[in-house]
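Undergrad: sequence first, then the predicted structure, then my questions.
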Amino acid sequence: MHKLLFLLALTILAVGTFSQPTEQDPLIMAADSLFEAGEYEQAAASYLEYIDSQKKIRDHDKKSISEVCVSLGLCYYKLDKYEDAIKWFREAEILQKEIGDREAEASSLNNIGLSYKKLGNFEKAIEYYEQTVKIDEESGNAAESAKTLNNIGMIYRAWGKYDQAIEHFERSLEVKKILNDTAGISTTLNNMGLVYTEWKKFDQAVQILEESLAMEEMLQNDSEIALRYNNLGRAYFMMQRYDTALAYFKQSLDIHLARNEKSRVALEYNNIGKVYQAWGKLTEAVSHFSSALSFYSDLGMES
């Protein structure tokens with residue numbers, strides 16, 4: 001049994017894996033197949049049946065049972081049943097602590113934090129993320145601690161606690177610089193730029209976003225370059241510097257059109273429409289809003 005544990009992406013979360021049980025139980029094989037097929041309710045039922053069948057030998061096979069508990073947590077997470085997900089991630093974490101599997105324990109704590117974030121309980125989410133960071137730091141797992149610090153920063157951003165968001169992004173950034181993780185540095189700088197934009201500290205926002213853009217250009221990562229153009233456009237739009245905002249939105253649009261990234265194309269048409277609307281050029285605004293709506297409709301989305 002081999003699955004990725006949850007991490008955020010934007011945005012964003014630590015990834016871990018767990019190993020296979022020593023014997024492939026038919027229930028586990030069936031449950032894994034159901035999970036991969038997206039049949040999460042049925043998969044959960046099979047995982048639960050396996051756990052019930054193993055109760056008598058729980059103390060002799062804690063690793064395998066902890067892995068199934070993680071799988072159950074993932075099923076319920078996929079089903080948006082976050083309270084149930086937390087229950088099984090906690091069961092996994094207890095067993096992982098008992099057998100001394102620190103890496104798996106950190107991943108489970110991280111998953112609990114993510115589930116609390118989904119519930120909107122930011123305080124609890126941060127509590128579990130901080131436990132994850134502590135274990136990763138003690139274990140020398142710098143890359144994972146940097147990811148989790150970034151996740152904590154994202155929560156503080158969503159919470160509107162911008163100073164604490166920046167503090168955690170800076171901690172993440174420090175680790176990523178030591179690791180020479182250019183892509184990771186760019187991601188964290190981008191997140192900092194978004195925070196400074198929302199904080200209305202536009203000079204810092206533009207400076208940091210331009211630094212992130214330069215890194216993405218060096219990496220020749222077109223999709224990320226387009227996103228940086230968009231974020232710079234957003235900052236300039238909020239500064240009411242509409243000509244500069246428009247230039248960035250158009251550059252972002254060109255890349256997304258070339259890559260056929262329809263949801264992003266729709267977003268940029270919408271952004272350009274907002275610029276023309278702010279200028280009072282309503283004909284151009286309506287034209288771009290209509291283009292955005294057409295793409296959103298094709299995707300089955302609403303603008």
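TA: Sure, I can see it. Here the structure is a predicted model, which is why all the values come from computation and not from measurement.
Undergrad: C-alpha only now, for contacts and for neighbours.
TA: Fine.
Undergrad: okay, the closest residue to residue 273 other than its chain neighbours and residue 237: tell me how far apart.
TA: Take residue 273 and drop its neighbours on the chain: the residue closest to it by C-alpha to C-alpha, 6 or more residues apart in numbering is residue 285, 4.2 Å away. Going from residue 285 to residue 237 by C-alpha to C-alpha, to the nearest Å gives 15 Å.
Undergrad: and the helices in this protein?
TA: Taking DSSP state H as the criterion, the chain carries its helices at 26-36, 40-53, 62-78, 82-99, 102-118, 122-138, 142-159, 162-178, 182-198, 202-219, 222-238, 242-259, 262-279, 282-298.
Undergrad: what would the ones you listed look like in CSV with mean pLDDT and mean neighbour count?
TA: Compiled in CSV, the helices of the chain are given as follows (pLDDT from 0 to 100; neighbours: other C-alpha atoms under 10 Å):
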stretch, mean pLDDT, mean neighbour count
helix 26-36, 92, 18
helix 40-53, 92, 18
helix 62-78, 95, 25
helix 82-99, 97, 21
helix 102-118, 96, 26
helix 122-138, 96, 20
helix 142-159, 95, 25
helix 162-178, 97, 20
helix 182-198, 97, 24
helix 202-219, 98, 19
helix 222-238, 98, 23
helix 242-259, 98, 19
helix 262-279, 97, 22
helix 282-298, 95, 18
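Undergrad: correct me, but residue 114 touches residue 125?
TA: Yes. The pair residue 114 and residue 125 passes the contact test of C-alpha atoms under 8 Å, sitting 6.3 Å apart.
Undergrad: show me the contacts for the residue nearest to residue 112 when sequence neighbours are not counted.
TA: Distances taken as C-alpha to C-alpha, 6+ apart put residue 86 closest to residue 112, at 5.4 Å, once the chain neighbours are dropped. By C-alpha atoms under 8 Å, 6 or more residues apart in numbering, the contact set of residue 86 is 73, 111-112, 115-116.
Undergrad: kindly report the same for residue 92.
TA: If you count contacts by C-alpha under 8 Å, 6+ apart, residue 92 has them with 65-67, 69-70, 105, 108.
Undergrad: how far away is the spatially closest residue to it that is not a sequence neighbour from residue 251?
TA: Once flanking residues are discounted, residue 92 sits nearest to residue 66: 4.4 Å by C-alpha to C-alpha, 6+ apart. Applying C-alpha to C-alpha, the value for residue 66 to residue 251 is 48 Å.
Undergrad: ok, now residue 133?
TA: With the distance defined as C-alpha to C-alpha, residue 133 ends up 38 Å from residue 251.
Undergrad: next one: residue 136
TA: Plainly put, residue 136 is 40 Å away from residue 251 if you go by C-alpha to C-alpha.
Undergrad: ok, now residue 190?
TA: Plainly put, residue 190 is 17 Å away from residue 251 if you go by C-alpha to C-alpha.
Undergrad: ok, now residue 140?
TA: Taking C-alpha to C-alpha as the criterion, residue 140 is separated from residue 251 by 41 Å.
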